[in-house]
Structures are given as structure tokens and as C-alpha cells.
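Asker: Structure, please.
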Amino acid sequence: MTHTAHYKPIRKADIDIGKPLPWSVYNGDKQLLLKRGFVLETQAQLDGLSEKGLYRFFRGGEVGVVSRPNSDDTGERAKSEQATERSVTLEDIKLIIGDPLQIQTQVEQSESRYYVKLIGYLKGKSVLVTAPQLEGNLCYIKEGQAFVVRFFSGKNAYAFTSSVTRVANVPYPHLHLSYPSQVRGLVVRSGDRVNARIICSVSIPEDTKTVAVPGLITNISVGGALLSSRKKLGDKNDQLVIKFRVFIRDIEFFITIDATICSVLHDDVGEILHGLRFAGLPNDMAIALTAYVYQKLAESNS
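Answerer: Predicted coordinates for the structure are as follows:
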């Protein structure tokens, strides 16, 4: 099959500031500006480079086009896939003793994040959590210190602001956090994508047996992913099984997902990109993947 090659325009919105480029970038004279993997650090750099237009090398043919993570198929679809936020009370969520929480300092010059566990709470009084530790040592926390508290429950992510009302060491180190009047809840939709570099194993049929092929997930959502590999893993509508691991709050999760190939394309360095759609996620896998996507969204917006 013959593949046609040409330079395809790139919108500035397709380039993520602070993240590695997924392809090499050329100007309107087809001169190489940036190699794949280069990281643009500021919007001003991007604006200066785009004066003669931005392009990437594209091979076409029997392969289709995989949309960028932030592309909208239609206005209605984009609207329906946006994450929705709502306010609830802490008691509505029904947290369980031992649930993990992330607390982040609210000081401009600090971005410290700690992981603690819920001991309990009394409505209108306080929320009790274990004292945070770093490399096995207790962290210095003072009364009055403010935090953003984040956690997951079910398929939703939640956050509230709080301050330390008391630091106690008896009978064990723990903190009293001020009780929140409301908690913000965020439902992560299937269309919320995040950039990633997740090494995975892909099971595909070969002759009369199934073989495992290495791949790299370069972006992912609850509903699908973009997977790069050195060899073609199948055609549109073919089924794959993908295995990979992610870290959520420093806890390792192994995920196995059935996926369908939606599209295939070649990039400018010979890698083959597969657009995938996930189907039939078990609840535990869906929750873990939702938590991972929201964690990456929260990190990119912090």
C-alpha cells in the first residue's frame, strides 16, 4: 500500500507548554524548528516560533488520523464530556476510616504535598488524620497552617480547604483539621485526557498464538488512549488487551484493559500511533483509571 507524505499544519493550541512534543515541528519553509521530545517552557517561545506557521510531517494512506487530546469532534460532544463540579457536605460522601487523603500546603512558595489517612470526623467540629511523614520521619506541621485536602470516593474526586486546629502526639501523632462547610466534588468524564508516558504490554494474535508486544501510552482518558509502538498492532476495529501499571498516591496499581483500535497513523519518526477505545471496564479498573486521570489533571493545574 502506498503512503502519501506531506506537511500538516499545527495549531498553537495543539502544543502543550511544559510537556514534550509528540512530533517534530517545522516552519512554513519546511525547516526543522524543534525535534520530537523538546519542551517549550513559555507561551512567548511558542508565539515567536509560530510567525511563519507550524507544521509536522505526516504519512497518510490506509491509516486514519488520531485526534489530539484537546480536539473537539463536535461542540455538543465536547460539552457533554467536560468534567462537572458540584458541592456536597463531608457526611454526604460517607468516607471510611483508613481512607487515604492528600493534603497540600496553601503557601505560594511551597508546593508540598503529603499523604495521610482518615482517622475519623465529627460534624461541625474537626477531621482527624494521621500526621504526615516524609521518608519515615514526621513532618513539621504547625497549628493554623492551611491545606487543600483532596481524596477520591467511588468514581468521584473531592477537595476542600482546611486548617490545622490542633497538632497532637498522644497516644500517637495526629492532626485535627477544621471541619469544611462544603466539599467540591468533580466527576471525571471519559473525554478528559492527560499526557502520559506509560510503558505497556499489548497482547495481539499472531498466527495461531497470542504474543505480547511492548508499547507506550502517550495520552490516556477513562474512555481511551493513544498508544505508540514500533509495529502495527492491528487494523481498525481489531481487539487488543493492554496491561500497564500506574502510581496513584505512590501506590502501584496494575491495570488490564480490553481495547478496540479506532484509528492508526504513522508519525514523523516511524512510530505507529494507535487510537484506542476502552470497553467494559470492571469497576475497580475504572476507579483506578479515573483516579489516575484526575491526579494528572490536578498536577497540571497546580
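
Asker: alpha carbons only for contacts and neighbour counts from here, please
Answerer: Fine.

Asker: what ranges do the helices span in the stretch 101-250 of the chain?
Answerer: Assigned by DSSP state H, counting those that start in this stretch, the stretch 101-250 of the chain shows no helices.

Asker: low pLDDT regions in it?
Answerer: 106-111, 154-155, 186-192, 249-250 (pLDDT under 70).

Asker: now do 80
Answerer: For the stretch 101-250 of the chain, the stretches with pLDDT under 80 are 106-113, 152-157, 185-193, 205-208, 248-250.

Asker: Spell out the residue ranges of the strands in it.
Answerer: Per DSSP state E, counting those that start in this stretch, the stretch 101-250 of the chain carries strands over the ranges 113-122, 126-130, 133-134, 137-138, 146-153, 156-168, 174-178, 183-187, 194-206, 209-220, 224-229, 239-248.

Asker: can you tell which of these is closest to Y7?
Answerer: strand 224-229 (20.1 Å; CA to CA).

Asker: quick one: buried residues of that closest one?
Answerer: 224-229 (16 or more other CA atoms under 10 Å).

Asker: so K296 sits in a helix?
Answerer: Yes: assessed by DSSP: H, G, I helix; E, B strand; the rest coil, K296 belongs to a helix.

Asker: Next, the contact list for it, please.
Answerer: V194 (CA atoms under 8 Å, 6 or more residues apart in numbering).

Asker: if we go to 6 Å?
Answerer: Not one residue lies near K296 by CA atoms under 6 Å, 6 or more residues apart in numbering.

Asker: Quick check, pLDDT for it.
Answerer: Model confidence at K296, given as pLDDT, is 78.

Asker: burial count for G185?
Answerer: G185: 22 surrounding residues under other CA atoms under 10 Å.

Asker: how close does it sit to K117?
Answerer: 19 Å (CA to CA, to the nearest Å).

Asker: could you dump the buried residues of strand 224-229 to JSON lines with distance to V167?
Answerer: Output for those, formatted as JSON lines (distance: CA to CA, whole Å):
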{"residue": "G224", "distance to V167": "44"}
{"residue": "A225", "distance to V167": "44"}
{"residue": "L226", "distance to V167": "46"}
{"residue": "L227", "distance to V167": "47"}
{"residue": "S228", "distance to V167": "49"}
{"residue": "S229", "distance to V167": "51"}
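
Asker: Run through who's touching stretch 162-171.
Answerer: 143-147, 174-178.

Asker: Show me which of those residues is closest to G136.
Answerer: H174 (14.9 Å).

Asker: just checking, S229 touches G215?
Answerer: Yes: counting by CA atoms under 6 Å, S229 touches G215, with 4.8 Å between them.
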